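> Return atomic coordinates for the entry below.
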Amino acid sequence: AIIFLVLGDMAAALIGVSFGGEVASLKLGREGKKSVEGSLAMFCVCFLVAMVFFWDVQLSEYAAVVAAATATLTELYEPLLLDDNLTIPFFSALA
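Predicted coordinates for the structure are as follows:
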């Protein structure tokens with residue numbers, strides 16, 4: 001769950017700042033600061049991380065999709081009005 005935060009949030013920030021708004025001008029999140037490109041980057045990185053960790057588990061792609069989607073949606077909407085650095089590991093571990 002911490003690796004989702006470290007790698008996924010970093011990818012979302014780097015891709016979102018570098019390419020955000022160029023392909024799709026839709027802004028997401030509570031304050032409209034999140035980009036589609038950044039959110040997609042976070043989902044892809046979290047999915048790949050989960051697949052690496054669970055490569056030998058049957059049907060691991062389903063768990064990886066759920067965990068990556070949970071981390072991405074948590075980063076996007078920031079539930080409980082807390083910083084995403086606290087909520088991404090918490091909700092990812094629950095997923």
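> Give the rounded mean pLDDT of stretch 37-52.
Mean pLDDT, computed over stretch 37-52, is 92.
> next one: stretch 58-78
On average, stretch 58-78 scores 90.
> what residues does that stretch touch?
Applying Cβ atoms under 8 Å, 6 or more residues apart in numbering, the contact partners of stretch 58-78 are 4-5, 8-9, 12, 28-30, 34, 39, 42-44, 46-47, 50-51, 54, 57, 84, 87-88, 91-92, 94-95. The way it works is simple: take the backbone N, C-alpha and C, and place the C-beta from them, glycine included.
> With adjacent residues omitted, what lies nearest to the residue most central in space within the chain?
Central residue of the chain (Cα atoms, centre = their mean): Thr72, 2.9 Å from the mean position. Once flanking residues are discounted, Thr72 sits nearest to Phe43: 4.4 Å by Cβ to Cβ, 6 or more residues apart in numbering.
> who does the host helix or strand of the one you found touch, helix- and strand-wise?
Applying DSSP states H and E as the criterion places Phe43 in helix 36-53. Secondary-structure packing of helix 36-53 (3 or more Cβ pairs under 8 Å, 6 or more residues apart in numbering; DSSP states H and E): helix 9-19, helix 60-77.
> ok so, going back, how far away is the residue nearest to the centre of the chain from Ala13?
13 Å (Cβ to Cβ, to the nearest Å).
> same deal with Leu86?
Note on Leu86: its distance to Ala13, by Cβ to Cβ, is 17 Å.
> again with Phe53
22 Å.
> burial of Asn85, as a residue count?
If you count neighbours by other Cβ atoms under 10 Å, Asn85 ends up with 11.
> Ok, Ala71 next?
Neighbours of Ala71 under the rule other Cβ under 10 Å: 30.
> again, but for Gly38
Around Gly38 there are 27 other residues, counting by other Cβ under 10 Å.
> my guess is it contacts Ile15, does it?
Yes - judged on Cβ atoms under 8 Å, Gly38 makes contact with Ile15 at a distance of 5.2 Å.
> coming back round to it: most tightly surrounded among the helices and strands packed on helix 36-53?
Among the helices and strands packed on helix 36-53, helix 60-77 has the highest mean neighbour count (mean count of other Cβ atoms under 10 Å), at a mean of 19.
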